[in-house]
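Participant: predicted model and sequence below, questions to follow.
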Amino acid sequence: MMAAQPTMSISDLKRTKIIATLGPASLDQKNVSSMVKAGVDLFRFNASHYTDPEKLKTDILQVRRWIKQSKQHAALLLDLQGPKIRVGKFGKKHVILEVGQLFTLTTKSVMGDEHHVRVSYSDFVKDVAVGEFVFIDDGKIQLLIQEKKTDHVVCKVTRGGKLSNFKGLNLPTTRISMSALTKKDKQDIAIMQTGLVEYVAMSFVSTSEDVTQLRTYLQQLGIKGTKIAAKIERQMAVDNLVPIVDASDAVMVARGDLGVEIGVEQVPKIQKMIIRECNKRIKPVIVATQMLESMISSETATRAEVSDVANAVYDHCDAVMLSAETAMGINPPNVITVMRDICEASDRHLNEIKKENAVIYKHIFSVANRATSFCKAADQIAEENNAKAIMVFTSSGTTAMIASKLHSIFPIIAPTDDEFICNQMRLFRGVIPLLLPKKFEDIHRWTEMITVAVKQSEKIALIQKGDTVVVTAGIPIGQSNGINSIRIITV
């Protein structure tokens, strides 16, 4: 359910969703409430910043209470740390590596210096091969492996610079044997229960089997309903993109590590490819990393950042994500306001483009079934009858997700009787989740169900008397077996 601004019509509301990372600058009741009111749809908890799983759980429950107390709605996303590899500690504050010099990476416990440093991953030497590259500190340092021994590798520095303690290490062409689901990840997940978070993001996914492993672990813990978002941030993930998308419930374009692994110049192309593949396969897709980076310390965004966000919207992503901007920035609610304004302007322009386009656009999914057919039909009927909105009843969120992937010019109101499903749909582009005051099992006729939803929509100013709405639903009511009916109503 979304509270509409009185000066705006439903057509003016942003379609693209906003995810905000919580951190020291924003993890308090005032900021959480202000950010939801400003336009946040999901809050992200970065598990990398927690050493105590119980503290993580406490913060999640607290944010739930703050959202409820603000009489707003937002979903929660837990972003797992995954197998992050780091170099060890140096004896000095930092060392300088020169191009052409030899530098050793070892699994032995040694103090780092200009000649060698420890690597945190115990199977590092076993996994890598001569001729492979090693990137350190987001690619600022680049090494080429020239010699491999029992417990260390000797590298040639191909890009030098300053190197200090605990910097991250990337292996773009190496098949890592370490599981994407680490011991820390399992400890962080173990504190969960059904309904605690709507989404879990899995870091450093390489294959679809990684996603399956996490899904199996959730099932073993008895955690039901939580969706899995696979983060695409490795070259291997790009190579295995389609199976990963199919195995996941959502996908995140994690441009930070992805840029290190594939080269920053390749990121725009890969971003577009991932979004296109997710839309075709009816999976929500999130674009993340450095979207409004300058707003960590500034009240305004750069023109380049505005263009970056807008281009993600034009590519039809479902959501854009903020990281340090809201976790560490000087004014998190202001960042959300700026992001919302960019999304609203870009969403409106997208609609104008589609309305003015003389060529009939027909989105083709990779699958075809009754639900996709009915959603396409509802969109066409809405266009031919000058509708104000499309109303898609759903008990699982699936039909609303299909409708969102049509990139309709019409807002999609998605009534449901389940608050958890209502929150999960906040990730879907163009979808306005609507929590019904009655359970589907207590509604016995379709006309009654429509009446309940229409009254609730009128109550929060989504629609008004005289509006035409195209309604889709499945009969019998409340069963997750796809839609089979369409009606045109005048409020």
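Facilitator: Sure thing, it's come through. Numbering: from 1, shown residues only.
Participant: which residues in the stretch 351-491 of the chain form helices?
Facilitator: Under the criterion DSSP state H, counting those that start in this stretch, helices of the stretch 351-491 of the chain are mapped to 370-384, 398-404, 419-424, 446-459.
Participant: closest one to residue 305 among the ones you listed?
Facilitator: Of all the helices of the stretch 351-491 of the chain, the one in closest proximity to residue 305, counting by CB to CB, is helix 398-404 (25.3 Å). Heads up, the C-betas are built off the backbone N, CA and C, glycines and all.
Participant: next one: that closest one to chain centre, how far?
Facilitator: Remark: helix 398-404 is offset 17 Å from the chain centroid, using CA atoms, centre = their mean, to the nearest Å.
Participant: ok, and what's touching it?
Facilitator: Residues from elsewhere that reach helix 398-404 (CB atoms under 8 Å, 6 or more residues apart in numbering): 282, 284, 318, 365, 371-372, 375, 378-379, 390, 392-394, 412, 414, 425, 428-431, 433, 472, 474, 480, 482-483.
Participant: number of nearby residues for residue 109?
Facilitator: 7 (other CB atoms under 10 Å).
Participant: what of residue 352?
Facilitator: Neighbours of residue 352 (other CB under 10 Å): 11.
Participant: returning to what we had before: export the helices of the stretch 351-491 of the chain as CSV, with columns for mean neighbour count and mean pLDDT.
Facilitator: Listed next are the helices of the stretch 351-491 of the chain as CSV, based on neighbours: other CB atoms under 10 Å; pLDDT from 0 to 100:
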stretch, mean neighbour count, mean pLDDT
helix 370-384, 19, 89
helix 398-404, 26, 93
helix 419-424, 21, 96
helix 446-459, 17, 93
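Participant: for residue 217, find the nearest of these.
Facilitator: helix 419-424 (19.6 Å).
Participant: quick one: the closest one to chain centroid distance?
Facilitator: 16 Å.
Participant: out of the contacts of helix 398-404, which end up buried?
Facilitator: Buried positions within the contacts of helix 398-404, assessed by neighbour count (16 or more other CB atoms under 10 Å), are 282, 284, 318, 365, 371-372, 375, 378-379, 390, 392-394, 412, 414, 425, 428-431, 433, 472, 474, 482-483.
Participant: about what we covered before: just the ones of the contacts of helix 398-404 in strands?
Facilitator: 390, 392, 412, 414, 431, 433, 472 (DSSP state E).
Participant: could you identify the most distant pair in those residues?
Facilitator: Farthest pair in the ones in strands among the contacts of helix 398-404, by CB to CB: 433 and 472, 15.5 Å.
Participant: so the residue nearest to the spatial centre of the chain, which state does it fall into?
Facilitator: Of all residues in the chain, the one closest to the mean position by CA atoms, centre = their mean is residue 286, 3.7 Å from it. Secondary structure, DSSP: H, G, I helix; E, B strand; the rest coil: residue 286 is strand.
Participant: now it: how far from residue 47?
Facilitator: Note on residue 286: its distance to residue 47, by CB to CB, to the nearest Å, is 17 Å.
Participant: repeat that for residue 167.
Facilitator: The gap separating residue 167 from residue 47 is 20 Å, by CB to CB.
Participant: those two - which one has more neighbours?
Facilitator: Neighbours were counted for residue 167 and for residue 47 using other CB under 10 Å; residue 47 has more, 22 against 18.
Participant: and the gap between the more buried one and residue 470?
Facilitator: With CB to CB as the criterion, residue 47 and residue 470 are 42 Å apart.
Participant: same thing with residue 186?
Facilitator: 46 Å.
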